[in-house]
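Chemist: pasting the structure only:
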């Protein structure tokens, strides 16, 4: 039985093939093998949400998926989603509303928030809070984050 | 922390899964959504030699309504259930419970069957399956068998699944049009593990509740049917006095253990409160 597996993923639109240890989770692979350090590692057991990335268009916990499980799948990180301009409105609103202080949670927050913006344009403040319940911020108290997302939803 | 080393095999069909399970015995673990398993690996609470990834077995995924039954593949994700129009129409209890399961990113990956097979005492799906009297389809090398949800959960993280078997489907009879359901839960924060939760189903005719099922989560090692409270309410109109009687009867049905945040008495009180809310919602 192989402990490392040849794995091919599409990361931010580029095909990447590497031999990956089975035990390495996706976020470590992205950060340590590919140098995509925009997504952060926090609790490593699925609670804090700072490792949020997209796999096949859906947000996932990067620490709760093995990199080898992403074989053949499309992975989008904050780097790709930022460069594509998809997050531009949210980024601008976070800036304007002062919705970040230390910034550690921000990449995860933006990717999680974008899923709500894309799927539920009429989301209420309560729905924003529910949707972000899996993303911890220890600085802002969330109010400014909810304000920023609400601004984008109201546009 | 990081997971300890293990081998990984991506199964292409069930035969391969059974072969690997037979060869590796207790050293192998099935990887479905992995939203609990990978967390326990990262924390080194378990150290399997082999993970058998079953997520590419597409025949174990999807929702099908046929002959008055809903058949849900074990690999159907929480989010798929949450958004399914068929589920909303035929099994609204599941649509009501889904938003309580963890967070959006976890619901996108975690599976219905995985939650049932793990049998976490605070999980939503096991209690829903007990309330809806679901049947679990379990495949083994020599064929499939069915186990009723009410016989499946045996103890803390213990189920009727044998180590060489795979839960493949969940089947639930569509309740008649006169049935209603309610799912209520209390947690420290949205998406946290339930302190207490309740899945409730009943026939409701002009405010009178019958064939009532109240299945609690978080009050014992397995989902608990509150038979005393159910009997107290059976065939009665939901009103302040009948609901109070059902809440009182609950004392003999459940005996919750304290957890880190709530004493046994607190959990008992919260269970009573949820009973009142669920019964009022069923009759509303």
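Modeler: Perfect, thanks for sending it. Just so it is clear, the structure is predicted and the values come from calculations on it, not from any experiment.
Chemist: Pull out the buried residues from stretch A:144-155.
Modeler: A:144-149, A:151-153 (16 or more other C-beta atoms under 10 Å in any protein chain shown). (C-beta placed from N, C-alpha, C; glycine too.)
Chemist: So what touches it?
Modeler: Residues from elsewhere that reach stretch A:144-155 (C-beta atoms under 8 Å, 6 or more residues apart in numbering or on different chains): A:89-90, A:93-94, A:96-100, A:109, A:113, A:116-117, A:121-123, A:125, A:128-129, A:132, A:137.
Chemist: average pLDDT across it?
Modeler: For stretch A:144-155, the mean pLDDT works out to 97.
Chemist: And for stretch B:235-250?
Modeler: Stretch B:235-250 comes out at a mean pLDDT of 97.
Chemist: chain center to it, what's the gap?
Modeler: Chain-centre distance of stretch B:235-250: 26 Å, with C-alpha atoms, centre = their mean, to the nearest Å.
Chemist: out of the contacts of stretch A:144-155, which touch chain B?
Modeler: Filtering the contacts of stretch A:144-155 for proximity to chain B by C-beta under 8 Å from any C-beta of the partner chain leaves A:116, A:129.
Chemist: Which ones among the contacts of stretch A:144-155 map onto helices?
Modeler: Of the positions in the contacts of stretch A:144-155, A:89-90, A:93-94, A:96, A:109, A:113, A:116-117, A:125, A:128-129 sit in helices, assigned by DSSP state H.
Chemist: Using TSV, lay out the residues you listed together with pLDDT and neighbour count.
Modeler: Output for the ones in helices among the contacts of stretch A:144-155, formatted as TSV (pLDDT from 0 to 100; neighbours: other C-beta atoms under 10 Å in any protein chain shown):
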residue	pLDDT	neighbour count
A:89	98	16
A:90	98	23
A:93	98	22
A:94	98	25
A:96	98	12
A:109	98	27
A:113	98	28
A:116	97	20
A:117	98	20
A:125	97	13
A:128	98	22
A:129	97	15
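Chemist: Check those residues against residue A:26 and report the nearest one.
Modeler: In terms of C-beta to C-beta, no member of these lies closer to residue A:26 than residue A:109, at 18.5 Å.
Chemist: what's near enough to touch the nearest residue to that closest one once chain neighbours are set aside?
Modeler: With sequence-adjacent residues excluded and distances taken as C-beta to C-beta, 6 or more residues apart in numbering or on different chains, residue A:109 is closest to residue A:135, at 5.2 Å. By C-beta under 8 Å, 6+ apart, the contact list for residue A:135 reads A:48-50, A:52, A:105, A:108-109, A:112, B:103.
Chemist: How is chain A divided into domains?
Modeler: Domains of chain A are assigned by automatic domain parsing as A:4-81, A:85-154.
Chemist: Let me know which of these is tucked in deepest.
Modeler: Across the domains of chain A, averaging neighbours per residue (mean count of other C-beta atoms under 10 Å in any protein chain shown) puts domain A:4-81 on top, at a mean of 20.
Chemist: what about that one and chain B, any contact?
Modeler: Yes - for domain A:4-81 and chain B, the contact criterion (C-beta under 8 Å from any C-beta) is met by A:5, A:21-25, A:28, A:44-46, A:49, A:52, A:58-61, A:63-66, A:68-69, A:71.
Chemist: Max pairwise distance over the contacts of residue A:135: which two?
Modeler: Applying C-beta to C-beta across the contacts of residue A:135, the maximum distance is between A:105 and B:103, 13.5 Å.
Chemist: Would you mind listing the residues touching both of these two?
Modeler: If you check residue A:105 and residue B:103 against C-beta under 8 Å, 6+ apart, the residues they both contact are A:49, A:135.
Chemist: List the residues that contact the closest residue to chain B within chain A.
Modeler: For chain A and chain B, the shortest gap (C-beta to the nearest C-beta) falls at residue A:134, measuring 2.5 Å. Going by C-beta under 8 Å, 6+ apart, residue A:134 touches A:47, A:49, A:112, B:102-106, B:191.
Chemist: closest to residue A:15 among those?
Modeler: Within the contacts of residue A:134, distances to residue A:15 taken as C-beta to C-beta reach their minimum at residue B:105, with 24.5 Å.
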